[in-house]
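[1] Just need the structure, nothing else, for what follows:
(chains A and B)
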There are 2 protein chains.
Amino acid sequence: MKHALNVTREADFAAWYQAVISEADMAEDSGVRGCMVIRPWGYGIWERIQKLLDQRIKETGHENCYFPIFIPLSYFEKEASHVDGFAKEMAVVTHHRLIADGKGGLMPDPAAKLEEPLIVRPTSETVIGTAMARWVQSWRDLPVLINQWANVVRWEMRTRMFLRTSEFLWQEGHTAHATRDEAVEETLKMLEVYREFAENCLAMPVVAGEKPEHERFPGAEATYSIEAMMQDGKALQAGTSHFLGQNFAKAQNIRFQDKAGEFAHAWTTSWGVSTRMIGGLIMVHGDDDGLRLPPAVAPHQIVIVPMLRETPEDDAVLTYARELRAELLKLNALGEPLRVHVDTKAGKGKRWAWIKKGAPLIIEVGGRDVAGGNVSLVRRDRLYGEGGKLASAVLLRADFIGQAAGLLDEIQLGLFAEAQARRDAAIVRVEDWAAIEKHFTGGEDKVIGWVEADWSRPTGAALGAVAAKLKALKLTVRNTPVGATAPTGTCVFTGEPAVERILIGRTY
Amino acid sequence: MKHALNVTREADFAAWYQAVISEADMAEDSGVRGCMVIRPWGYGIWERIQKLLDQRIKETGHENCYFPIFIPLSYFEKEASHVDGFAKEMAVVTHHRLIADGKGGLMPDPAAKLEEPLIVRPTSETVIGTAMARWVQSWRDLPVLINQWANVVRWEMRTRMFLRTSEFLWQEGHTAHATRDEAVEETLKMLEVYREFAENCLAMPVVAGEKPEHERFPGAEATYSIEAMMQDGKALQAGTSHFLGQNFAKAQNIRFQDKAGEFAHAWTTSWGVSTRMIGGLIMVHGDDDGLRLPPAVAPHQIVIVPMLRETPEDDAVLTYARELRAELLKLNALGEPLRVHVDTKAGKGKRWAWIKKGAPLIIEVGGRDVAGGNVSLVRRDRLYGEGGKLASAVLLRADFIGQAAGLLDEIQLGLFAEAQARRDAAIVRVEDWAAIEKHFTGGEDKVIGWVEADWSRPTGAALGAVAAKLKALKLTVRNTPVGATAPTGTCVFTGEPAVERILIGRTY
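    Numbers count the residues shown, from 1 in each chain, chains lettered A, B, ... in the order given. Below you'll find the model as predicted:
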């Protein structure tokens, strides 16, 4: 069977991923090292993510604000473990002026060298912590619950669009609390916000859980993640929530006077998700015909393609398409008014272009439809009928309008159910190391998913040994799922009594 | 009469401006040179601006996308006049790694010096033009209508919050068209979008017009602006729209094949507004008690302050406040659901805090209000009653709910009318240079507004002479208003026949 992309998931998953991005006009190389151009369709998905997640962030009491993109070098020197974690690959601003180089070009002006270099933010804990130290004096000033939507830069040697780029877009939440318990509660609350958002909006099943010690955010006391399984069986860390203890508060002197008049350091958290989520969307829902978008995050949920032939009949077709759109705009699905687009661009192949872009419902209307009061409907989630032909159904216009919102609900739930079934089928329970070795020696390209195992939660050198053992098989501990069943056996690594259940898999 | 701020507009306008920003918790110094922290109340205003303007940008057919923050140095060398205009103060990234400096600190790693320096975007014409050259091949690919919401950096020596900061937030629209006429139409269309937005949403009267030749955007064939008058009589350029001709298209090779098969360069435009608009809002509407926000851009339109005394009675007061909010949320004003906040924070002086922040309607409720089914209302636009006392009116709760939406409409229109009357009264028609000299020799601190004059639209050296003459009085030509009355006399500078009517004033 022939598909719209010239490479299949089965043949070359990495090449397929790039093909989806390119054929769906989501993003492209910018010509600037490690940075991508996010094109309107890709950015439209990000706008949907922003809108839906921002609602949730505000409903949980957070306010948005904005901090500088530049962080003075000295800020990174304050929090030792944070420096160790981040002081590697960052964009460093050293000059504030260009001058003519005398050869017809430009160069940094040696006379305009900064006294202290500025770092383009890789994350904003240090600069936000400094502000919190100004804001927080008394218990009345707590909690501080803020969030920022911003661009950040981490110089990456090997980049992949959406998954790992030198510049990316994200939100970073930062909070400060009077007690440890409150900060832990906040950390887990935002983890749950991410889980609910990923599952209900992105239709992406995720496992929320705690990362092992050696994969914590630098300076954190605990790091939690949501982990999604891609169609090649690999894990994608799609969001993180960190309990920072008092480490940052001490480094940045976020102190307050409690009700009894005693001074104490605040307890802080941070949490973020990024444009990486779009990479996850592609790899969870895409197929060999391109992207498939859950209606909740589709910039257009329904695309109407008028078949224009540059004849006088075109006017009637266009009017019909626009009236259909106007009717549909009166409806709600998934708690919001429908998003409907009429594609009036010149040129052919428009229906397949929207299939590749993953619009959930695609309507074609031509002169015959106008005469009959019909529409031709393609569902992106059920593209082919019997015999492998494109399943284009002719419906009465009124019937389609009556069904439209329900179809979008159905597609949203259907994509989630499909991804969940696939993920669940690819998680295997193992009782010992031999089973892990056996499971993961099927070659890197085979879809072998994750294993669930019990361990003794080793720390320090013992954990290092476990990580090395896993690394030899290109494996990592993904997380300890929140609310997992209590372990029953012994640790698959140490043979000691197990204390936790963990997930192990390959990753990006 | 005593006011909430410790400095008045009359006494020291610049100090008053900073006091409003500080007392309204809008923004603060970040500790990072030239960059500010935009706090939740200031950022909330920006989010309102984004939402309302983004709607308008999309309704006129534009799509959002995202381009890299870094622009390779060589991109700036392509368009000569653009380089001359911008190649001065920019943040230059020269290294991509930090290492330990051997003295317990960090330094840029000499081994990680970039082959080509990267510039933190001061504006994105060059990188977007490069992308357009990839996207545009045929007339079918035109027009390209895109917009970006982003941070940009222009290294500024003297900064002022919101008005001139090294980093600022803005939107930049970039379009490419097949014909000159279409591009000119686009330039003027977006100028009109800005005018309508400024007047209807920010309640800020503006004059839309063309900037003189020497104040054009580098590389533009024509630059248009909207100019607002601040309460000290100075002009603030609050938005610009540029017709770029084929200059950028030629430098970046944006070429297309027209219907006849001939190759031609596209015609491009760009247009932007920034966080500077928030500075304009403050200086147009603020008073000696702080900010006054037009309801359309107020993050909270109605703030309910329950008077809490840490007694058992508090529960009833809180419940009453929350029920009132729930009722108000069912209402619409200015085309959107009301935005209502209940301030449950601990501490005193909350009503005055919201007055300083400029919330349009402030409701206080205490035990007596609960018992009587009342609310105590303060209108931010009519703060004082007879005898200079705070005008707090007791209303039946149901009456207030019935009036709320109408009051917000009234405040929106009232703030505009007040600003318009003040501006119009401060524009004086002059017939010759002597009248200009006389008008503007009242000292820089006096509110002397603008003058309207006719000129011969000199160019080149003659224009330079005019600019110098004006500069001696700290004056500039603001713009040639779109649709202004035809000139009647002779040029106030050259004595030649006048061809245009212009506005002249001081600025920021």
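[2] Tell me the pLDDT of residue A:114.
    The per-residue pLDDT reported for residue A:114 equals 96.
[3] next one: the one 4 residues further on
    Predicted confidence (pLDDT) at residue A:118: the value is 97.
[4] Up against chain B, what does the stretch 301-450 of chain A have?
    For the stretch 301-450 of chain A, the residues found near chain B under the criterion CB under 8 Å from any CB of the partner chain are A:345-347. C-beta: built from backbone N, CA, C; applies to glycine.
[5] Among the residues you listed, name the ones in helices.
    Using DSSP state H, no member of those falls within helices.
[6] Make JSON lines from these and add pLDDT and neighbour count to it.
    Output for these, formatted as JSON lines (pLDDT from 0 to 100; neighbours: other CB atoms under 10 Å in any protein chain shown):
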{"residue": "A:345", "pLDDT": "87", "neighbour count": "10"}
{"residue": "A:346", "pLDDT": "79", "neighbour count": "11"}
{"residue": "A:347", "pLDDT": "80", "neighbour count": "11"}
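[7] element containing the residue lying closest to residue A:159 once chain neighbours are set aside, please.
    Distance criterion CB to CB, 6 or more residues apart in numbering or on different chains; nearest residue to residue A:159, sequence neighbours excluded, is residue A:34 at 4.5 Å. Assessed by DSSP states H and E, residue A:34 sits outside every helix and strand.
[8] Can you check the pLDDT for residue A:34?
    According to the model, residue A:34 scores 91 on pLDDT.
[9] again with residue A:306
    For residue A:306, the pLDDT comes out at 96.
[10] Does residue A:155 touch residue A:91 like I think?
    Yes. In this structure, residue A:155 sits in contact with residue A:91. The criterion is CB atoms under 8 Å, and the distance is 6.0 Å.
[11] shared neighbours of the two, anything?
    In the contact map built from CB atoms under 8 Å, 6 or more residues apart in numbering or on different chains, the residues linked to both residue A:155 and residue A:91 are A:166, B:96.
[12] out of the two, which sits in the busier spot?
    Each of residue A:155 and residue A:91 had its neighbours counted (other CB atoms under 10 Å in any protein chain shown), and the higher figure belongs to residue A:91 (27 against 22).
[13] residue contacts, the more buried one?
    Shown in contact with residue A:91 (CB under 8 Å, 6+ apart): A:119-120, A:153, A:155, A:166, B:70, B:93, B:95-96, B:118.
[14] The residue nearest to residue A:159 contacts residue A:167, doesn't it?
    Yes. Using CB under 8 Å as the test, residue A:34 is close enough to residue A:167 to be in contact (7.3 Å).
[15] who in the stretch 101-250 of chain A is up against chain B?
    Selection of the stretch 101-250 of chain A residues close to chain B by CB under 8 Å from any CB yields A:104-108, A:117-120, A:127, A:130-131, A:134, A:140, A:146, A:150-151, A:153, A:155, A:167, A:169.
[16] about what we covered before: of the contacts of residue A:91, closest to residue B:358?
    For the contacts of residue A:91, the minimum distance to residue B:358 (CB to CB) is 33.8 Å, reached by residue A:120.
[17] now residue A:107, what's its secondary structure?
    When classified by DSSP: H, G, I helix; E, B strand; the rest coil, residue A:107 comes out as strand.
[18] wait, residue A:421
    Secondary structure of residue A:421, reduced to three states by three-state DSSP: helix.
[19] now the helices for the stretch 1-150 of chain A?
    For the stretch 1-150 of chain A, the helices defined by DSSP state H, counting those that start in this stretch cover A:13-23, A:40-59, A:80-86, A:125-135.
[20] Distance to residue A:507 added to the ones you listed, as CSV?
    Putting those into CSV (distance: least, CB to CB, whole Å) gives the following:
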stretch, distance to residue A:507
helix A:13-23, 14
helix A:40-59, 21
helix A:80-86, 18
helix A:125-135, 24
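[21] can you put the ones you listed in a markdown table and add mean neighbour count?
    As requested, the helices of the stretch 1-150 of chain A are exported to a markdown table (neighbours: other CB atoms under 10 Å in any protein chain shown):
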| stretch | mean neighbour count |
| --- | --- |
| helix A:13-23 | 20 |
| helix A:40-59 | 19 |
| helix A:80-86 | 18 |
| helix A:125-135 | 23 |
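[22] averaging pLDDT over each of those, which comes out lowest?
    Across these, the stretch with the lowest average pLDDT is helix A:80-86; it has a mean of 59.
[23] shouldn't residue A:378 be in contact with residue A:392?
    Yes. With the criterion set as CB under 8 Å, residue A:378 and residue A:392 qualify as a contacting pair; they are 5.2 Å apart.
[24] Those two: who's more crowded?
    A count of neighbours by other CB under 10 Å puts residue A:378 above the other of residue A:378 and residue A:392, at 22 against 15.
[25] which among the residues of the stretch 101-250 of chain A next to chain B end up buried?
    The neighbour-count test (16 or more other CB atoms under 10 Å in any protein chain shown) applied to those identifies A:106, A:108, A:117-120, A:127, A:130-131, A:146, A:150-151, A:153, A:155, A:167, A:169 as buried.
[26] Just flag the most distant two among those.
    By the measure CB to CB, these have their two most distant members at A:106 and A:146, which lie 38.6 Å apart.
[27] re the thing from before, so which of the contacts of residue A:91 sits lowest on pLDDT?
    The pLDDT minimum for the contacts of residue A:91 sits at residue A:155, where the score is 91.
[28] does that one count as helix, strand or coil?
    Quick answer, by three-state DSSP: residue A:155 is coil.
[29] how about it, what does it touch?
    Contact partners of residue A:155, counting by CB under 8 Å, 6+ apart, are A:34, A:89-91, A:166, B:96-97.
[30] What of residue A:316?
    Counting by CB under 8 Å, 6+ apart, residue A:316 makes contact with A:367, A:370.
[31] Likewise for residue A:150?
    Under the criterion of CB under 8 Å, 6+ apart, the contact partners of residue A:150 comprise A:66-67, A:69, A:121, A:124, A:169-172, B:151.
[32] Ok, residue A:197 next?
    When the contact criterion is CB under 8 Å, 6+ apart, the partners of residue A:197 are A:52-53, A:56.
[33] with those residues in mind, which one is nearest to residue A:325?
    For residue A:325, the nearest member of the contacts of residue A:197 is residue A:52. The distance, counting by CB to CB, is 22.9 Å.
[34] Outline the domain layout of chain A.
    According to the domain assignment given by automatic domain parsing, chain A is divided into the following structural domains: A:13-285, A:295-410, A:427-505.
[35] how about residue A:453, what does it touch?
    Contacts of residue A:453 were listed using CB under 8 Å, 6+ apart, and they are A:429-431, A:436, A:492, A:501-502, A:504.
[36] Helix, strand or coil: sort out it for me.
    Residue A:453 carries the three-state label strand when classified by three-state DSSP.
[37] Tell me, what's the model's pLDDT at it?
    96.
[38] Just to be sure, residue A:395 is in a strand?
    Yes. If the criterion is three-state DSSP, then residue A:395 is within a strand.
[39] right, and it touches residue A:375 too?
    Yes. Under the criterion of CB under 8 Å, residue A:395 is in contact with residue A:375, at a separation of 5.7 Å.
[40] Pick out whichever of these two has more residues nearby.
    Under the criterion of other CB under 10 Å, the comparison of residue A:395 against residue A:375 puts residue A:375 first, with 24 against 17.
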